[in-house]
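Engineer: Let's see this in three dimensions:
(one chain, ligands or ions: 2)
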Amino acid sequence: MGLLLKGGRVVDPVAQTIQKLDVLIDHTVIIEMAPEIAHQGHTVYDVSHQFVMPGLIDVHVHLREPGQTHKETIETGTMAAAAGGFSQVCAMPNTTPVVDSPAWVRHIIDEAAKYGYAKVHPIAAITKSSKGQELTEFEALSEAGAVGFSDDGKGVQSAEMMRNALLAAKALSKPVIVHAEDETLSGSGVINFGDVAKTLSVPGILPDAETAMIARDIVLAQAVGAHVHFCHVSPADAVGLIKEAKSKGAHVTAEVTPHHLLLTDHEVLLQGSTAKVNPPLRSETDRRACVNGLLDGTLDMIATDHAPHSTEEKSRDLLHAPFGFVGIETSFALMYTAFVHSHILSLPELVALMSYRPAKAFHLDGGRLAVGQPADIAVVDPISEKVVDPDRFYSKGKVTPFKGRVLRGWPVLTIFAGNVVYNNR
Ligand code: DOR
Ligand code: ZN
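Structural biologist: Residues are numbered from 1 along each chain as shown. Ligands and ions are numbered 1, 2, ... in the order given. Sure, this is the predicted structure:
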C-alpha cells in the first residue's frame with residue numbers, strides 16, 4: 001500500500017534547500033524521495049503548492065500530567081502538538097507530583113505511545129519535588145528515558161546544587177535545562193520591571209533576576225565542562241552573555257519563544273493576565289536583542305513553553321493569575337508570518353530552528369527528511385490566511401495573547417510514524 005505525498009516542496013533544514021519531490025512512506029518509514037514517483041495503489045495526498053517538512057520538535061512544553069488534567073492531558077497536549085506540526089515534544093516535570101522518579105518518566109512515555117499523536121520525551125526534575133534541596137537520581141531517570149533535567153517553573157537557587165546537577169548530567173551526556181530566576185531578585189514580581197509595572201502598580205521582575213542566574217550557570221557549566229541549556233531567554237544582557245560564552249567554546253545552548261520574539265510588556269496593558277508569563281514579556285530593547293540573537297545563532301532554537309491553564313485561572317487579576325499561556329498550535333504560523341513571509345528568515349532556516357537544531361542539541365532522532373528515516377512529517381500551507389481561534393484548539397488551554405491574529409503558514413497535514421495524525425486540508 002503505502003502513502004504518497006505528491007507534488008510538494010520538500011524543505012531540508014540541513015542542506016538549507018527546498019526541492020520539488022514526491023515522498024513515499026511505507027508503514028513507519030520514508031522509503032523513497034524523488035521528483036516523480038508513480039503511484040501504484042498508494043494512498044495519495046496531493047500537496048502541490050505546499051511545503052513538506054520534518055515533523056517539528058519542541059523542547060519545552062507543559063503537558064500537565066500527572067495531576068493537573070484540568071489544564072491539559074498527554075492526550076490533548078499531543079493532539080495539539082500534531083495540529084501544530086510537531087512530532088516530538090519534551091515535557092517539563094512541574095506536574096503533580098513532580099516527575100522526579102523513573103516510574104513517572106516511564107508512565108509519560110507509555111501514555112504518549114498509547115495515543116500515538118507525537119513522541120513525548122520527559123524531562124526529569126533536577127531536585128526532588130523541584131524543591132531545590134536534594135538532587136534526584138539522575139542515572140535511573142536517564143535510564144528510564146529522561147532526555148535532560150530541569151526544575152522549570154523555578155530556578156535552582158543554590159549554586160552548589162546546580163554544580164552537582166551539572167556534574168551528574170555531564171556523566172550521562174545529558175543537558176541541564178535551566179529556568180533562570182534568582183528569587184531574591186524576582187521576589188513577588190508578576191510582570192517585567194519597568195514603566196508598565198509602575199503604571200499598573202504591580203511588582204516587577206527585574207531582567208537581572210534571569211541574567212544573573214544565566215551568568216552563574218555559564219560559569220559553573222564551563223568549569224565543570226557540562227552542557228547547559230537555557231530556557232526561554234528574554235533579557236538583552238542574557239543574550240550577550242550567551243554569545244560570549246559560546247565564543248569561548250562553552251557547551252551552551254539556548255531557546256527563545258515566539259512570544260519573547262514578538263511581544264513586549266506593553267501587551268500587558270492591552271491584555272492583562274492573558275499576557276502574564278514567566279519570564280515576563282520584556283522591553284522593546286530586550287525583544288530586539290532576542291531577534292538579533294536568533295538571527296546570529298546565539299539562540300539555537302525556537303521553543304514554545306506551551307503552558308496551558310484553565311480559562312478561569314487565567315481570568316484572575318495580574319497578582320493572582322498563573323504565569324503562562326498556550327503556544328504549540330500557533331507557533332509555526334506565527335513564526336512563518338512574522339519572519340519568513342516578511343523575509344527576515346528563509347523557510348529552511350525557520351524549519352532548522354524548529355526541528356533539526358532542537359534534535360541536535362537534545363540528541364533526538366529526526367529533524368530531517370531522508371530515505372530510511374521515520375515518517376514524521378509536517379505539511380504546511382504558505383498561502384491560506386486563518387485567524388487564531390482558541391475555540392478550535394485541541395489543547396485544553398484556550399488562553400493566548402495571539403488570539404485574533406491573522407496568520408499564514410498553518411500546518412495542514414501531520415504524519416507521525418507513518419500515520420496521519422492531523423488533517424486539515
Ligand atoms: O509562564 C510560565 N509557565 N513559565 C514557567 O516557567 C512555568 C510555566 C507553567 O508551568 O505554567
Ligand atoms: Zn520556565
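
Engineer: Nearest to ligand 2: which residue in the protein?
Structural biologist: residue 179 (3.8 Å; C-beta to the ion). (C-beta placed from N, C-alpha, C; glycine too.)

Engineer: Spit out the contact partners of that residue.
Structural biologist: 150, 151, 152, 153, 154, 155, 231, 232 (C-beta atoms under 8 Å, 6 or more residues apart in numbering).

Engineer: residues touching the second one, list them.
Structural biologist: The reference is to residue 151. Listed by C-beta under 8 Å, 6+ apart, the contact partners of residue 151 are 93, 94, 125, 126, 127, 130, 132, 179.

Engineer: now do the last one
Structural biologist: The neighbourhood of residue 232, defined by C-beta under 8 Å, 6+ apart, consists of 60, 179, 255, 256, 257, 260, 279, 303, 305.

Engineer: Show me those that map onto helices.
Structural biologist: residue 260 (DSSP state H).

Engineer: re earlier: tell me how far the residue of the chain closest to ligand 2 lies from residue 323.
Structural biologist: 11 Å (C-beta to C-beta, to the nearest Å).

Engineer: By neighbours, which of the contacts of residue 179 wins?
Structural biologist: Within the contacts of residue 179, residue 151 tops the neighbour count with 31 neighbours, counted by other C-beta atoms under 10 Å.

Engineer: And for that residue, nearest residue in space, chain neighbours not counted?
Structural biologist: Spatial nearest neighbour of residue 151, chain neighbours left out: residue 130 (4.2 Å); criterion: C-beta to C-beta, 6 or more residues apart in numbering.

Engineer: Output the contacts of residue 151 as JSON lines; include the columns pLDDT.
Structural biologist: Formatted as JSON lines, the contacts of residue 151 follow (pLDDT from 0 to 100):
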{"residue": "93", "pLDDT": "99"}
{"residue": "94", "pLDDT": "98"}
{"residue": "125", "pLDDT": "99"}
{"residue": "126", "pLDDT": "99"}
{"residue": "127", "pLDDT": "99"}
{"residue": "130", "pLDDT": "98"}
{"residue": "132", "pLDDT": "98"}
{"residue": "179", "pLDDT": "99"}
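
Engineer: which two from the residues you listed end up farthest apart in space?
Structural biologist: The span of the contacts of residue 151, defined through C-beta to C-beta, is set by 93 and 132 at 13.6 Å.

Engineer: Show me which of the two is the more surrounded one.
Structural biologist: With neighbours defined as other C-beta under 10 Å, residue 93 and residue 132 compare such that residue 93 has more, 28 against 17.

Engineer: Up against ligand 1, what does the chain have?
Structural biologist: Residues of the chain lying close to ligand 1 (C-beta under 6 Å from any ligand atom) are 62, 94, 152, 153, 179, 277, 278, 307, 322, 323, 324.

Engineer: Tell me who's in contact with the last one.
Structural biologist: Taking C-beta under 8 Å, 6+ apart as the contact definition, residue 324 lies against 62, 276, 277, 278, 305, 307, 308, 309.

Engineer: CA atoms only: put the strand or helix carrying residue 165 into PDB for me.
Structural biologist: Using DSSP states H and E, residue 165 sits in helix 159-171. The C-alpha trace of helix 159-171 is given here as PDB (Å, rounded to 0.1, in the frame of the first residue of the first chain):
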ATOM      1  CA  ALA A 159      24.900  27.300  43.200                       C
ATOM      2  CA  GLU A 160      26.200  24.200  44.900                       C
ATOM      3  CA  MET A 161      23.100  22.200  43.900                       C
ATOM      4  CA  MET A 162      23.400  23.400  40.300                       C
ATOM      5  CA  ARG A 163      27.100  22.500  40.200                       C
ATOM      6  CA  ASN A 164      26.300  19.000  41.400                       C
ATOM      7  CA  ALA A 165      23.500  18.700  38.800                       C
ATOM      8  CA  LEU A 166      25.900  19.700  36.100                       C
ATOM      9  CA  LEU A 167      28.400  17.100  37.200                       C
ATOM     10  CA  ALA A 168      25.800  14.400  37.300                       C
ATOM     11  CA  ALA A 169      24.300  15.300  33.900                       C
ATOM     12  CA  LYS A 170      27.700  15.500  32.400                       C
ATOM     13  CA  ALA A 171      28.400  11.900  33.300                       C
END
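
Engineer: Quick one: the strands in the stretch 151-300 of the chain, in order.
Structural biologist: With DSSP state E, counting those that start in this stretch as the criterion, the stretch 151-300 of the chain has strands at 176-178, 191-192, 204-205, 228-230, 252-256.

Engineer: got those as CSV, with mean neighbour count and mean pLDDT columns?
Structural biologist: Converted to CSV, the strands of the stretch 151-300 of the chain look like this (neighbours: other C-beta atoms under 10 Å; pLDDT from 0 to 100):
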stretch, mean neighbour count, mean pLDDT
strand 176-178, 28, 99
strand 191-192, 26, 98
strand 204-205, 24, 98
strand 228-230, 28, 99
strand 252-256, 25, 99
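
Engineer: For residue 43, find the nearest of those.
Structural biologist: When the strands of the stretch 151-300 of the chain are compared by C-beta to C-beta, strand 252-256 sits nearest residue 43, at 36.1 Å.

Engineer: picking up where we left off before, nearest to residue 110, of the contacts of residue 151?
Structural biologist: Residue 110 lies nearest to residue 93 out of the contacts of residue 151, by C-beta to C-beta, at 16.2 Å.

Engineer: Around ligand 2, pick out the residues from the stretch 101-250 of the chain.
Structural biologist: Applying C-beta under 5 Å from the ion, we find that the stretch 101-250 of the chain lies next to ligand 2 at 152, 179, 231.

Engineer: Name the residues of the helix or strand residue 18 falls within that come out as buried.
Structural biologist: Under the criterion of DSSP H and E, residue 18 resides in strand 17-20. Under the neighbour-count criterion of 16 or more other C-beta atoms under 10 Å, strand 17-20 has residue 18 buried.
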